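[1] Below: sequence and its predicted model.
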Amino acid sequence: MTSLAGVGIDVVRGALIGTAEVVPGVSGGTIALIVGVYDRLIGSAAAVVRGTLSAVIDVPSGRGLARARGHFADVSWRVILPVLAGMATAVLVASALLAPAIESFPVETRAVFVGLILASLIVPIRMVGRWGAREVLLGALATVLAFVLTGLPAAGEAQPQLWIVAVAAAIAVCALVLPGVSGSFLLLAMGLYAPTLAAVNDRDLVYLGVFALGAVLGLGSFVPLLQWLLERRRRVTLAVMTGLMLGSLRALWPWQTEDGGVLAPVAEQLPLVIALVIAGAALVVALLVAESRLVRRHVASGPDVLAESSVSGPTE
């Protein structure tokens, strides 16, 4: 019974993370931290990528399979499999709910997303710490760059090319490394959020397969690079990421033309839009407060307070 209860808890954890990954502005990494599986999720994903690469690249030497087995043994399968099952289920359900909402209520949904993103900017700003002249300058340049790029005319309703889908997935998966950065928001800024939701709802296996391949390649290449940058050039990297997030908010201006052009606010809609922005921001602030309290409890007590009820024990 305890084992089944632990599996159920991990499925719920995965469902919370999966739901967050679908909503722009809500970081799946932050939710993973809050529910206590962030380290194991990232560590296991890296082990799977290393194992797969070893099995493919080291086959001629005869040591590939042995090395792959060693990497796969580092994966916390008892936790990861239920979490992934919960994530997959939540992504399917959340996508089915969000796609019609975005189509029917574009102004309202973008207003919520603006609030989510504005509040999530707290994370990289806080992580930079002291903002010197270099960080301010690079952040400002990144803001301008993102604002210009997201202001380019949209490609229309045409299906995006598959290589673009793969590259976008590789970039979006980098959000897993840094809690507070939303992978869905990155897709939204690149113009691939709606097509990806549609692919999930339509069970477009070709699109989803290419997306999954891009995500794996991102984990194997971009994520280690981002980790290296965060270790060696942390403040500069975070300042640039903050600027990119801030500038990309242009893509979420509530009043837009069909091709992404900016329109003037509609006076009758302003009170509701402002209320929705505040509501979205309040949700992220609540999550950040919960994360902060959990981290303090973790530091004070040592073990992962949420992992104690899991079948796998404390966080590694």
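    All right, it came through fine. Keep in mind that this is a model prediction, so the values were computed, not measured.

[2] confidence score at residue 89?
    As predicted, residue 89 sits at a pLDDT of 92.

[3] what do you get for the one 4 residues further on?
    For residue 93, the pLDDT comes out at 89.

[4] same thing with the one 10 residues further on?
    The score at residue 103 is 80. That number is its pLDDT.

[5] What is the burial count for it?
    12 (other Cβ atoms under 10 Å). Any C-beta I mention is one placed from the backbone N, CA and C, and that applies to glycine too.

[6] Would you mind measuring from it to residue 199?
    Distance of residue 103 to residue 199, computed by Cβ to Cβ, to the nearest Å: 15 Å.

[7] what does residue 252 give?
    21 Å.

[8] Same question for residue 279.
    29 Å.

[9] between those two, which one's more packed in?
    residue 199 (22 against 13).

[10] Please name the residues that touch the more buried one.
    Residues in contact with residue 199 (Cβ atoms under 8 Å, 6 or more residues apart in numbering) are 207-208, 211.

[11] rerun that using 10 Å as the cut-off
    95, 159-160, 165, 192, 205-211 (Cβ atoms under 10 Å, 6 or more residues apart in numbering).

[12] Mind giving me the PyMOL select for those residues, buried ones only?
    PyMOL command restricting the contacts of residue 199 to the buried ones, with burial defined by 16 or more other Cβ atoms under 10 Å:
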select buried, resi 95+160+165+192+207+208+210+211
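
[13] Closest to residue 241 out of the contacts of residue 199?
    residue 192 (19.0 Å; Cβ to Cβ).

[14] Need phi/psi at the closest one.
    phi -120, psi 10 (degrees, to the nearest 10).

[15] Report the contact partners of it.
    155, 160, 164-165, 167-169, 171-172, 186, 199, 207, 211.

[16] okay, who's weakest in those residues by pLDDT?
    For the contacts of residue 192, the least confident entry is residue 155, with 49.

[17] low-confidence ranges in the stretch 101-250 of the chain?
    Low-confidence segments of the stretch 101-250 of the chain (pLDDT under 70): 152-158, 176-181, 223.

[18] Break down it into its helices, ranges please.
    106-120, 122-128, 133-150, 162-172, 183-189, 193-202, 205-220, 222-232, 234-247 (DSSP state H, counting those that start in this stretch).

[19] which residues does the closest residue to residue 124 other than its chain neighbours contact?
    Leaving out its chain neighbours, the residue that sits closest to residue 124 by Cβ to Cβ, 6 or more residues apart in numbering is residue 242, at 4.3 Å. Contact analysis of residue 242 by Cβ under 10 Å, 6+ apart lists 121-128, 131, 135, 138-139, 142-143, 180-181.

[20] Let me know the secondary structure of the closest residue to residue 200 other than its chain neighbours.
    With sequence-adjacent residues excluded and distances taken as Cβ to Cβ, 6+ apart, residue 200 is closest to residue 95, at 4.2 Å. Classification of residue 95 using DSSP: H, G, I helix; E, B strand; the rest coil returns helix.

[21] Residue 95 reaches residue 201, doesn't it?
    Yes. Using Cβ atoms under 10 Å, residue 95 makes contact with residue 201 at a distance of 5.5 Å.

[22] Let me see the backbone angles for residue 75.
    Dihedral angles for residue 75 - degrees, to the nearest 10 - are phi -80, psi 130.

[23] Tell me how far it lies from residue 10.
    Distance from residue 75 to residue 10, by Cβ to Cβ: 14 Å.

[24] shared neighbours, these two?
    Counting by Cβ under 10 Å, 6+ apart, the contacts common to residue 75 and residue 10 are 40, 81.

[25] So if I had to pick from these two, which one is more boxed in?
    residue 10 (29 against 18).

[26] Identify the residues contacting the residue nearest the centre of the chain.
    Ranked by distance to the mean C-alpha position of the chain (Cα atoms, centre = their mean), the top residue is residue 183 at 3.0 Å. Residue 183 is in contact with 20-22, 24, 27-29, 168-169, 171-176, 215, 218, counting by Cβ under 10 Å, 6+ apart.

[27] cool, residue 282 as well?
    Counted by Cβ under 10 Å, 6+ apart, residue 282 has contacts 115-116, 119.

[28] Go through those residues and name the one nearest residue 233.
    residue 119 (25.7 Å).
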